[in-house]
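mind folding the following:
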Amino acid sequence: MRRHLLALVFFAFGIWFTFVACNSKKEAEFAAPTASTGTLLYAKLPIDSVAIAAFYQKFPKLQSYQESIKALYAKQQFTSIWYDKKGLVEFGNTLYSKYENRALEGVKAKFPYENELNTIFDGHAETNLSNETNDLLLSHLYLFYANKVYNGIDQKVTEKIGWLLPRKEIGYTELLDSILSHPKKALKDEKLLFSQYGKLRQFLQKYRDIEKKGGWGTITVATDFKSFKPGDSAQAIQQIRSRLFLSQDLSSDSKSAIYDEDLQKGVANYLVRNGFKEDVVLLPKHIQAMNGPIEERIQQIMVNMERCRWISPDLEKANEFIVVNIPSYYMYLSRGGKKIFDSPVVVGKAMNKTVIFSGKMSYIVFSPYWNVPTSIINKEVKPGMAKNPNYLANHNMEWNGGRVRQKPGNSNSLGLVKFIFPNSNNIYLHDTPSKGLFANEERAYSHGCIRVGKPRELAIKILENDKAWTPEKIDAAMHKGKENSYVLKNKIPVYIGYFTAVVKDDGQIYFYKDVYERDERLANLLFKEE
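This is a model prediction of the structure:
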């Protein structure tokens, strides 16, 4: 009897031990993972619709990502994305590190549940979060980071603020597949971001370093200050020298208070870099610009980094394209990956803003008529005719089918040639008889179209590989006095953009006046969370 009782006890103990061992093994497989361990703590965990729905009850501020989250997990057969049998996958730590350093990307926004996220990476073996929650939090962090850094503000919002250039598209599910397959090559800028973005990011860090060291101080001049010229001597000139050394317009700081030749070069460089005419005479407006706080320049860089997020890097891969940047009043033609032509331009004044959009240049019109817009007829032509019966003749104009048009010729408001990329905004590039405007620092004078400072040269460059057109034939067509249209054999993409901070090919950063006051509005959208 005693032996039977003893055997029964051993049998019961064996069953209990097996039960505990199995449960311990199961608990080990599905224990909450940590970022600091590489032990076999985690197996593929199912993440079903019930778990996702429960997650949003606890984290309602992430509800906007729901559809993208479902797509991510559907691609993964509704199993965990961020953990395997060894624990956190390689890119998990990288993602968290990138988020922690998001300020380098010009991003201020915080993940809505940062404290809960941090518990996954704080080094403790246990957290209050379930395994499903950990995985879902990291998936939301991935979407949050990719959206803020690589996509930017929603397209519906950018369209409302007047940005009508085509937005790039990012497939978050496909991108994640690529990341998990090749984590060391993940999120490479050249694949996801317009090249200008990375260049601006470098200057963002440089300017933040200057800010940490106290900025560039204030240049003190007398209240009746008129100008500084070469040869002048003043304490303020020493301050100017130090200021230009900090912004890398001068390679060294001699501490001299005399306006010498070295400082002249630095001043000339600074003025061009900041949207002024090249000069060596320093005026009050120049000192005012130098005294602008570095924080404003930092914000300006961040705002333009955001604009870069909206542009596909594929734009730069096109064999030929034209870019017009409104704030810099300049355009350039790129072919074969090189800028082969540039020109100053005149853009729309504040009341007639040039639209930010794209089109495809399809034909050139030599000796064009100018079909006067209805708005100009009502505001200018009709009042002029009421005062002067010879108004139309004096302006080389005529009635044509109930509309007013200006005849071809040197006095034509479109000049001798126009470049057409059909669009609903009726905007195009054209010549102008008002050549003197191109010498001005600020060149926002038109009714919305873009006047080109070197139209003849642009026509020659566009047609230089077309055997039907030589420079001589182009000159003859421009001065013929009879309208002649020529359809291009290859349409040229034209992009009209708005960037107030640009890093050019010389490696320097250039700042331009926010002519349409768009920066502050965008900054408010970007940084409102702060």
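
where does the prediction get shaky in the stretch 101-250 of the chain?
123-128, 185-190 (pLDDT under 70).

show me where it has its helices.
114-121, 131-146, 155-160, 172-181, 189-192, 195-212, 235-246 (DSSP state H, counting those that start in this stretch).

which elements pack onto the fourth one?
The elements that helix 172-181 packs onto, with contact taken as 3 or more CB pairs under 8 Å, 6 or more residues apart in numbering; DSSP states H and E, are helix 66-75, helix 131-146. For glycine as for every other residue, the C-beta is placed from the backbone atoms N, C-alpha and C.

how about the first one?
Under the contact criterion of 3+ CB pairs under 8 Å, 6+ apart, the helices and strands touching helix 114-121 comprise helix 90-100, helix 131-146.

okay, those, which one's buried deepest?
Burial of the helices and strands packed on helix 114-121 is given as mean neighbour count (mean count of other CB atoms under 10 Å); helix 131-146 ranks first at a mean of 22.

do I have it right that residue 335 meets residue 319?
Yes. With contact defined as CB atoms under 8 Å, residue 335 reaches residue 319; the gap is 6.6 Å.

out of the helices of the stretch 101-250 of the chain, indicate the one that is most buried.
helix 131-146 (a mean of 22).

what's the angle between that one and helix 172-181?
110 degrees (axes from the mean of the first three to the mean of the last three CA atoms, to 10 degrees).

where exactly do the helices run in the stretch 301-450 of the chain?
374-376, 382-387, 391-394.

circling back to that earlier point, make a markdown table out of the helices and strands packed on helix 114-121 and add distance to residue 271.
As requested, the helices and strands packed on helix 114-121 are arranged in a markdown table below (distance: least, CB to CB, whole Å):
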| stretch | distance to residue 271 |
| --- | --- |
| helix 90-100 | 38 |
| helix 131-146 | 39 |
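
of those, which is nearest residue 282?
Distance to residue 282, taken as CB to CB, is lowest for helix 90-100 among the helices and strands packed on helix 114-121, at 43.1 Å.

just the residues contacting the closest one, thanks.
With CB atoms under 8 Å, 6 or more residues apart in numbering as the test, helix 90-100 has contacts from 35, 82-83, 111, 117, 120-121, 138, 141-142, 144-145, 149, 179-180, 183-184, 186-187.

okay, the helices of the stretch 301-450 of the chain in CSV with distance to residue 166 next?
Output for those, formatted as CSV (distance: least, CB to CB, whole Å):
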stretch, distance to residue 166
helix 374-376, 28
helix 382-387, 39
helix 391-394, 41
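
export these as TSV, with columns for mean pLDDT, distance to residue 439 and mean neighbour count.
Shown next, in TSV, are the helices of the stretch 301-450 of the chain (pLDDT from 0 to 100; distance: least, CB to CB, whole Å; neighbours: other CB atoms under 10 Å):
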stretch	mean pLDDT	distance to residue 439	mean neighbour count
helix 374-376	89	25	12
helix 382-387	95	28	12
helix 391-394	96	27	13
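
of these, which is nearest residue 507?
Among the helices of the stretch 301-450 of the chain, helix 374-376 sits nearest to residue 507 (CB to CB), with 43.2 Å.

how about stretch 451-460 as CSV, C-alpha atoms only?
What follows is stretch 451-460, C-alpha atoms only, in CSV (Å, rounded to 0.1, in the frame of the first residue of the first chain):
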residue,chain,number,x,y,z
ARG,A,451,9.9,87.3,-67.5
VAL,A,452,13.3,85.9,-68.5
GLY,A,453,16.4,88.0,-68.4
LYS,A,454,18.2,86.1,-71.2
PRO,A,455,15.3,84.8,-73.4
ARG,A,456,17.4,84.7,-76.6
GLU,A,457,20.0,82.6,-74.9
LEU,A,458,17.4,80.3,-73.4
ALA,A,459,15.8,79.7,-76.9
ILE,A,460,19.3,78.9,-78.3
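
next one: it to chain centre, how far?
Once both centres are worked out by CA atoms, centre = their mean, to the nearest Å, stretch 451-460 turns out to sit 27 Å from its chain's centre.

quick one on the thing from earlier: between the helices and strands packed on helix 172-181, which gets nearest to residue 403?
helix 66-75 (50.1 Å).

list the helices and strands the closest one packs on?
helix 49-58, helix 131-146, helix 172-181.

which of the helices and strands packed on helix 114-121 sits closest to residue 54?
helix 131-146 (7.9 Å).

now the closest one against helix 49-58, angle please.
70 degrees.

burial check on the residue nearest to residue 486 when sequence neighbours are not counted, number of neighbours?
Nearest non-adjacent residue to residue 486, counting by CB to CB, 6 or more residues apart in numbering: residue 364, 5.2 Å away. Other residues within reach of residue 364, judged by other CB atoms under 10 Å, total 24.

repeat that for residue 438.
17.

quick one: it and residue 457, what's the gap?
According to CB to CB, to the nearest Å, residue 438 stands 13 Å off from residue 457.

enumerate every residue touching residue 367.
408, 409, 416, 417, 477, 478, 479, 480, 481, 482, 483, 484.

same list, these, but as JSON lines with pLDDT please.
As requested, the contacts of residue 367 are exported to JSON lines (pLDDT from 0 to 100):
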{"residue": "408", "pLDDT": "97"}
{"residue": "409", "pLDDT": "95"}
{"residue": "416", "pLDDT": "98"}
{"residue": "417", "pLDDT": "98"}
{"residue": "477", "pLDDT": "98"}
{"residue": "478", "pLDDT": "98"}
{"residue": "479", "pLDDT": "97"}
{"residue": "480", "pLDDT": "97"}
{"residue": "481", "pLDDT": "95"}
{"residue": "482", "pLDDT": "97"}
{"residue": "483", "pLDDT": "97"}
{"residue": "484", "pLDDT": "97"}
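
which among those residues end up buried?
Buried residues within the contacts of residue 367, counting neighbours by 16 or more other CB atoms under 10 Å: 408, 416, 417, 477, 478.

most centrally placed residue in the protein?
In the chain, the residue lying closest to the centroid (CA atoms, centre = their mean) is residue 308, at 1.8 Å.

spatially nearest residue to that one, not counting backbone neighbours?
That would be residue 197: by CB to CB, 6+ apart, it lies 3.8 Å from residue 308.

same question for residue 268.
residue 278 (5.2 Å).

just residue 202 next, same as before
residue 503 (7.8 Å).

and stretch 275-295, how far out from the chain's middle?
Distance, centroid of stretch 275-295 to centroid of chain: 25 Å (CA atoms, centre = their mean).

same thing with stretch 335-349?
18 Å.

who touches that stretch?
316, 319-320, 324, 326, 329-334, 354, 429, 432, 434, 437-438, 443-455, 457-458, 461, 505, 515.

now stretch 453-470
In contact with stretch 453-470 (CB under 8 Å, 6+ apart) are residues 333, 340-341, 343-346, 361, 364, 415-417, 419, 429-431, 435, 438, 452, 471, 474-475, 478, 486, 488-489, 492.

among those, name the buried ones.
333, 341, 343-346, 361, 364, 415-417, 419, 429-431, 438, 452, 474, 478, 486, 488, 492.

ok, now which ones touch residue 408?
Contacts of residue 408 (CB under 8 Å, 6+ apart): 367, 368, 369, 416, 480, 481, 482, 483.

mind putting the residues you listed into CSV with distance to residue 399?
Below are these laid out as CSV (distance: CB to CB, whole Å):
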residue, distance to residue 399
367, 20
368, 18
369, 12
416, 23
480, 23
481, 19
482, 19
483, 17
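
ok, the closest residue to residue 331 other than its chain neighbours - how many residues close by?
Residue nearest to residue 331 in three dimensions, not counting chain neighbours: residue 324, with 4.3 Å by CB to CB, 6+ apart. Neighbours of residue 324 under the rule other CB under 10 Å: 23.

I appreciate the help and will end here.
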